[in-house]
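S.K.: Attaching a predicted model along with its sequence, questions to come.
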Amino acid sequence: MIDFQRLADWMDELGLPGKGAPIEHGFLSGGTQNEIYEIRRGDERCVIRIPPPGAPADRDKGILREWRIVEALDGSAVPHAKAVAVCEEASVLGRPFYLMGFVEGWSPMGRRTWPAPFDTDLDARAGLGYQLAEGIALLSRVDWRAKGLHDLGRPDGFHERQVDRWTAFLHRIKARELPGFDEAAAWLRAHRPIDYVPGLMHGDYQFANVMFKDGGPAELAALVDWEMGTVGDPKLDLGWMLQGWPEDTNAPEAAGAGYKDLRGMPSRDQLLAHYAEVSGRQVDDIDYYLVLAKWKLAVVLEQGFQRAGDDHKLQAFGPIVLDLMRSAAELAESSGYRS
């Protein structure tokens, strides 16, 4: 449990707004990576992100990586939470942590249905998809070198590393055959993007990791959850976002696509066009990123499945992994893209 009085003292030492006022707090979410609380001091509201006591030691470095990205977004066109303050030492609360501005709005995460007006107005709902694509398009335009993020990732050789890295990862956890893995891996080794322009990327971009402003029309309030943020190829975020997007969002099956009802959403081609317009990047090589995203996500989820035990949620990853890997191999085989 966080020592909120110690946190208040630390905030006062920094002269942050609300000095002297008692802290009110509310738990927002938490897991093995971070615990997140809303902090209220008078009229001031912010959010603390801190690794839980039992988190691995490398999570301390992870929280500081997150902070660097959040801080770098200040002044950019990317919808984001304001960077408030960071504590790099464990002496205050036992782990490094940072404070960011409280974001007004709603998250698609954990919702069974879209809130009004997006529940019934399909024209308004389409705006959610366009805004989702626009978020990473704007992110790709951030001047990461000017923001001091030159050492955040390893952009050189980014694509050359992907297949070897995730193949080695799968071999460490492998307990069953994944049909299509070798075929998709071979295709990825033989292909490369038309062009590769390094940029800031989210790493796990989807509806679950954004917030929207209340009401309509659709407008992003913030991109959130930067645990996987790095400097690499921003178009992999696009592939990640679109890998499960239905070809026809007006078809009945779009209602059960992934974890959201995507009926009324823009088509994949419409989202690609919007991303290209906002980002200034070409998207003719999207098949490469879709194959890579499906193949990589299958490997990531396979780890969860292998650790499932009695966890029904993780057990459900089993058939999803097989579908993703088969889809990656089929797309690779049918793709007309040639690098």
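M.R.: All right, it came through fine.
S.K.: Can you classify Arg49 by secondary structure?
M.R.: Assigned with DSSP: H, G, I helix; E, B strand; the rest coil, Arg49 falls in the strand class.
S.K.: Bridge partners for it, pull those for me.
M.R.: Listed by DSSP bridges, the beta-bridge partners for Arg49 are Ile36, Tyr98.
S.K.: And it, how far from Val86?
M.R.: 10 Å (CB to CB, to the nearest Å). Backbone N, C-alpha and C define where each C-beta goes, glycine included.
S.K.: Looking only at neighbour counts, state which of the two leads.
M.R.: Arg49 (27 against 19; other CB atoms under 10 Å).
S.K.: hmm, back to that, which residues are in contact with both of Arg49 and Val86?
M.R.: Listed contacts common to Arg49 and Val86 are 97-98; contacts here mean CB atoms under 8 Å, 6 or more residues apart in numbering.
S.K.: mind checking which helix or strand the closest residue to His202 other than its chain neighbours is in?
M.R.: Among residues not flanking His202 along the chain, Asp237 sits closest, at 5.3 Å (CB to CB, 6 or more residues apart in numbering). Assigned by DSSP states H and E, Asp237 belongs to helix 235-242.
S.K.: So which elements touch that helix?
M.R.: Judged by 3 or more CB pairs under 8 Å, 6 or more residues apart in numbering; DSSP states H and E, the packing partners of helix 235-242 are helix 122-139, helix 268-279, helix 286-306.
S.K.: Give me the distance from the second one to the chain's centre.
M.R.: By that I understand helix 268-279. Between the centre of helix 268-279 and the centre of its chain there are 18 Å (CA atoms, centre = their mean, to the nearest Å).
S.K.: In this structure, what residue spans correspond to helices?
M.R.: For the chain, the helices defined by DSSP state H cover 4-13, 58-73, 122-139, 158-173, 181-190, 235-242, 268-279, 286-306, 312-315, 317-334.
S.K.: now these in TSV, with distance to Pro108 and mean pLDDT?
M.R.: Formatted as TSV, the helices of the chain follow (distance: least, CB to CB, whole Å; pLDDT from 0 to 100):
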stretch	distance to Pro108	mean pLDDT
helix 4-13	30	95
helix 58-73	20	95
helix 122-139	8	97
helix 158-173	27	95
helix 181-190	29	97
helix 235-242	13	98
helix 268-279	16	97
helix 286-306	18	97
helix 312-315	18	92
helix 317-334	19	96
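S.K.: how about those, which one is nearest Ala221?
M.R.: Closest of the helices of the chain to Ala221 is helix 122-139, at 9.7 Å (criterion: CB to CB).
S.K.: From the rest of the structure, what touches that closest one?
M.R.: For helix 122-139, the surrounding residues in contact (CB under 8 Å, 6+ apart) are 76-79, 114, 117-118, 199-202, 205, 207, 210, 212, 216-220, 223, 234, 237-238, 241, 249, 262-266, 270-271, 274-275, 277-279, 281.
S.K.: about what we covered before: burial measure for the residue nearest to His202, as a count.
M.R.: Neighbours around Asp237, by other CB under 10 Å: 29.
S.K.: What of Ile286?
M.R.: Using other CB under 10 Å, Ile286 has 22 other residues around it.
S.K.: Check Arg40 too.
M.R.: Neighbour count for Arg40, taken as other CB under 10 Å: 16.
S.K.: Could you check the pLDDT of it?
M.R.: Arg40 carries a pLDDT score of 95 in this model.
S.K.: gap between it and Arg268?
M.R.: In terms of CB to CB, Arg40 sits 42 Å off from Arg268.
S.K.: Same check on Ile50?
M.R.: Taken as CB to CB, the span from Ile50 to Arg268 is 38 Å.
S.K.: Mind splitting this structure into its structural domains?
M.R.: Per automatic domain parsing, the structural domains of the chain span 4-101, 122-334.
S.K.: closest one to Ser107 among those?
M.R.: Taking those one by one with CB to CB, domain 122-334 is closest: 5.0 Å.
S.K.: So what's the gap between the closest one and the chain middle?
M.R.: 9 Å.
S.K.: mind checking the end-to-end distance for that domain?
M.R.: Its first and final residues considered, domain 122-334 spans 32 Å by CA to CA, to the nearest Å.
S.K.: thinking again about what came up before, let's have the helices and strands packed on helix 235-242 in a markdown table, adding distance to Ser334.
M.R.: Putting the helices and strands packed on helix 235-242 into a markdown table (distance: least, CB to CB, whole Å) gives the following:
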| stretch | distance to Ser334 |
| --- | --- |
| helix 122-139 | 24 |
| helix 268-279 | 15 |
| helix 286-306 | 9 |
